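Engineer: What shape does this take:
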Amino acid sequence: MFVAIKTKSNMTRKFILRSVGIILLIIVVLVLFKFKTIKRLYATIHLFDQEVITENFRNMDDIYPVSRLMPAPSPTSYPKTLDYKLPENFDFSGDLINTRDFLEKTAMEGLMIHHNDTIIYEEYRNDFREDQTHISWSVSKSIVSTLLGIAYDDGLFKLEEPITKYLPQYKDTGYDGVRIKDILQMSSGVRFNEDYGDFNSDINRFGRVFAMGKSLEDFSKTLQNEREPGTYCQYVSIDTQVLGQLLKEITGKSISEYYKEKLWIPLGMEDHAEWIVDNTGMEVALGGLNMTLRDYAKIGQFLLHEGSWNGEQLLSKEWIKMATTPDAPHLLPGKQANSNNIQGYAFQWWIPEFPEGDFYATGIHDQYIYIHPRSKTVITVLSANHRFNERELWGKRPHVYLFKSIVQDLENKNFIEDSTKH
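Structural biologist: Here you go, the predicted model:
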């Protein structure tokens with residue numbers, strides 16, 4: 001009898017200890033989860049602080065979950081001459097700006113210039129390496145648009161169709177019945193505050209929601225309409241997030257998978273890349289792609305060659321023309337009553353204030369892929385400019401003036417013709 005009681009007591013004690021252990025384990029897991037979330041939220045709030053911005057922009061995968069891309073099996077590289085010198089100064093709306101001072105002040109990290117499929121200028125600053133990835137921010141938008149162009153060529157959607165034909169979960173939201181074309185042209189009519197300098201803006205609220213691990217789709221569905229779609233150009237980053245969901249729906253693949261198949265491998269990307277994803281695995285289509293400078297430049301080269309690569313037409317010339325040509329008054333460059341941008345806009349590509357067939361992708365804190373077809377020039381810039389919000393957000397873009405000055409300098413010196421002799 002005594003032995004039986006002792007055995008039962010031991011069993012009870014073991015059960016209690018096991019239960020306490022499980023409870024403690026659950027508490028530890030919850031604390032670690034909360035700690036990780038709090039750490040992400042803190043990093044997001046301070047992402048652009050001067051002391052950490054450079055480190056953050058080069059190591060986004062240390063802060064957020066990512067989908068990874070490995071170097072292409074057959075990488076493409078370009079010949080180099082590297083005998084071009086940047087103009088000493090450039091004109092910015094009547095002001096003469098020293099080029100070196102400007103690049104220093106805007107915290108340029110990498111700069112590459114292509115002419116006639118040759119790299120004539122390449123520079124890395126602040127210990128940034130050629131094989132190191134860097135966040136692109138809204139340059140990602142232009143790449144998502146390019147992927148949608150490939151899907152369009154394959155007949156997977158039509159521009160005039162409403163987005164809710166493919167994403168019915170957006171019924172009764174700001175995107176209900178909005179044409180895909182209007183979303184591509186940042187003319188969805190959705191109410192959105194894109195001011196990064198305003199802590200309570202929609203874009204910063206989005207960042208905090210994402211940092212807390214919430215679904216990007218759930219956030220997108222909270223937005224409401226304030227204008228008739230297709231009548232006013234207002235930059236709404238979530239427009240591209242919805243386009244990313246469209247791409248995923250119509251292709252049956254993640255954005256990273258489709259990118260790898262349709263562009264990454266065919267273009268022969270030389271290095272690895274990361275695309276930031278939410279907790280459901282959905283890519284941050286509006287600005288989460290991280291690549292190296294030379295691989296970003298390949299996107300520019302691809303557009304410069306009108307979608308042709310190694311003799312294969314990967315993207316139609318028709319799409320590229322539509323994607324880089326404003327086709328309505330509210331999309332034209334210059335001051336417009338029905339646009340909040342001085343720059344022109346098309347399908348997620350920007351058109352300069354004084355266009356000459358050139359167009360560009362850009363992201364906050366001064367990331368650029370600039371394409372000038374007439375001179376066969378591609379200029380790619382990566383930066384970590386903590387001063388970005390000091391200037392008018394949607395005003396004139398001094399980098400574009402520098403790019404035009406470089407093109408003019410090259411043409412004046414007949415450098416383009418000379419470079420082919422190397």
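Engineer: mind listing what the residue sitting nearest the centre point of the chain touches?
Structural biologist: Nearest to the mean C-alpha position of the chain, by C-alpha atoms, centre = their mean, lies Ser140 at 2.3 Å. For Ser140, the contacting residues are 240, 284-289, 363, by C-beta atoms under 8 Å, 6 or more residues apart in numbering. To be clear about C-beta, it is placed using only N, CA and C from the backbone, and glycine gets the same treatment.
Engineer: Look at it and report its pLDDT.
Structural biologist: Predicted confidence (pLDDT) for Ser140: 98.
Engineer: So it versus Ile113, what's the distance?
Structural biologist: 22 Å (C-beta to C-beta, to the nearest Å).
Engineer: mind showing which ranges of this protein have poor pLDDT?
Structural biologist: For the chain, residues meeting the criterion pLDDT under 70 lie at 1-35, 391-395, 415-422.
Engineer: mind listing the helices for it?
Structural biologist: 2-45, 53-58, 99-105, 139-153, 180-184, 202-211, 216-220, 237-251, 255-259, 293-304, 317-323, 398-412, 415-419 (DSSP state H).
Engineer: Could you export the contacts of Ser140 to CSV, including columns for distance to Asn225 and neighbour count?
Structural biologist: As requested, the contacts of Ser140 are exported to CSV (distance: C-beta to C-beta, whole Å; neighbours: other C-beta atoms under 10 Å):
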residue, distance to Asn225, neighbour count
Thr240, 17, 25
Val284, 23, 25
Ala285, 20, 29
Leu286, 19, 25
Gly287, 23, 21
Gly288, 25, 26
Leu289, 28, 32
Gly363, 26, 21
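Engineer: Which two among these are spaced furthest apart?
Structural biologist: Spatial extent of the contacts of Ser140 (C-beta to C-beta) is set by the pair Ala285 and Gly363 at 12.9 Å.
Engineer: Identify the residues contacting Tyr121.
Structural biologist: Contacts for Tyr121 (C-beta under 8 Å, 6+ apart) come out as 82, 84, 86, 111-113.
Engineer: filter those residues to the buried ones?
Structural biologist: Among those, those classed as buried by neighbour count (16 or more other C-beta atoms under 10 Å) are 84, 86, 111-113.
Engineer: Would you reformat those residues as JSON lines and include distance to His372?
Structural biologist: Output for the buried ones among the contacts of Tyr121, formatted as JSON lines (distance: C-beta to C-beta, whole Å):
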{"residue": "Tyr84", "distance to His372": "15"}
{"residue": "Leu86", "distance to His372": "16"}
{"residue": "Leu111", "distance to His372": "15"}
{"residue": "Met112", "distance to His372": "14"}
{"residue": "Ile113", "distance to His372": "10"}
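Engineer: which of these lies closest to Ile38?
Structural biologist: Closest to Ile38 out of the buried ones among the contacts of Tyr121 is Leu111 (36.9 Å), distances taken as C-beta to C-beta.
Engineer: burial count for the residue lying closest to the closest one once chain neighbours are set aside?
Structural biologist: Nearest residue to Leu111, sequence neighbours excluded (C-beta to C-beta, 6 or more residues apart in numbering): Glu123, at 4.8 Å. Using other C-beta atoms under 10 Å, the number of residues around Glu123 comes to 16.
Engineer: ditto for Val209
Structural biologist: Neighbour count for Val209, taken as other C-beta under 10 Å: 18.
Engineer: and the gap between the closest residue to it other than its chain neighbours and Asn200?
Structural biologist: Excluding its sequence neighbours, the residue lying closest to Val209 (C-beta to C-beta, 6+ apart) is Phe219, at 5.1 Å. Distance from Phe219 to Asn200, counting by C-beta to C-beta: 15 Å.
Engineer: Tell me which of the two has more neighbours.
Structural biologist: Per other C-beta under 10 Å, whichever of Phe219 and Asn200 has more neighbours is Phe219, with 17 against 8.
Engineer: ok, and for stretch 145-153, which residues are buried?
Structural biologist: Judged by neighbour count (16+ other C-beta under 10 Å), stretch 145-153 contains these buried residues: 145-152.
Engineer: Hmm, I typed the wrong one, I wanted stretch 332-341.
Structural biologist: Neighbour-count burial for stretch 332-341 flags 332-333, 336, 339, 341 (criterion: 16+ other C-beta under 10 Å).
Engineer: distance between that stretch and the chain's centre?
Structural biologist: 23 Å (C-alpha atoms, centre = their mean, to the nearest Å).
Engineer: Just the endpoints, please. Distance across that stretch?
Structural biologist: The first residue of stretch 332-341 is 9 Å away from its last residue (C-alpha to C-alpha, to the nearest Å).
Engineer: what does it contact?
Structural biologist: With contact meaning C-beta under 8 Å, 6+ apart, stretch 332-341 is reached by 231-235, 326, 329-331, 342-345, 351-355, 394.
Engineer: OK, contacts around Phe90?
Structural biologist: Phe90 neighbours (C-beta under 8 Å, 6+ apart): 96-97, 99, 102, 401-402, 405-406.
Engineer: For it, give the beta-bridge partners.
Structural biologist: Ile97 (DSSP bridges).
Engineer: how near is it to Phe388?
Structural biologist: Phe90 sits 19 Å away from Phe388, going by C-beta to C-beta.
Engineer: Ok, Glu312 next?
Structural biologist: Relative to Phe388, and taking C-beta to C-beta, Glu312 is found at 38 Å.
Engineer: Looking at these two now, which is surrounded by more residues?
Structural biologist: Phe388 (18 against 8).
Engineer: So the more buried one sits against Ile364, correct?
Structural biologist: Yes. With contact defined as C-beta atoms under 8 Å, Phe388 reaches Ile364; the gap is 6.0 Å.
Engineer: Common neighbours of those two, please.
Structural biologist: Residues touching both Phe388 and Ile364 (C-beta under 8 Å, 6+ apart) are Tyr196.
Engineer: Thr325 versus Ser308, what's the distance?
Structural biologist: Here the criterion is C-beta to C-beta. By it, Ser308 lies 19 Å from Thr325.
Engineer: Show me what counts as buried in stretch 245-252.
Structural biologist: Under 16+ other C-beta under 10 Å, the buried positions of stretch 245-252 are 245-248, 250-251.
Engineer: Ok, stretch 231-242 next?
Structural biologist: In stretch 231-242, the ones that count as buried by 16+ other C-beta under 10 Å are 232-242.
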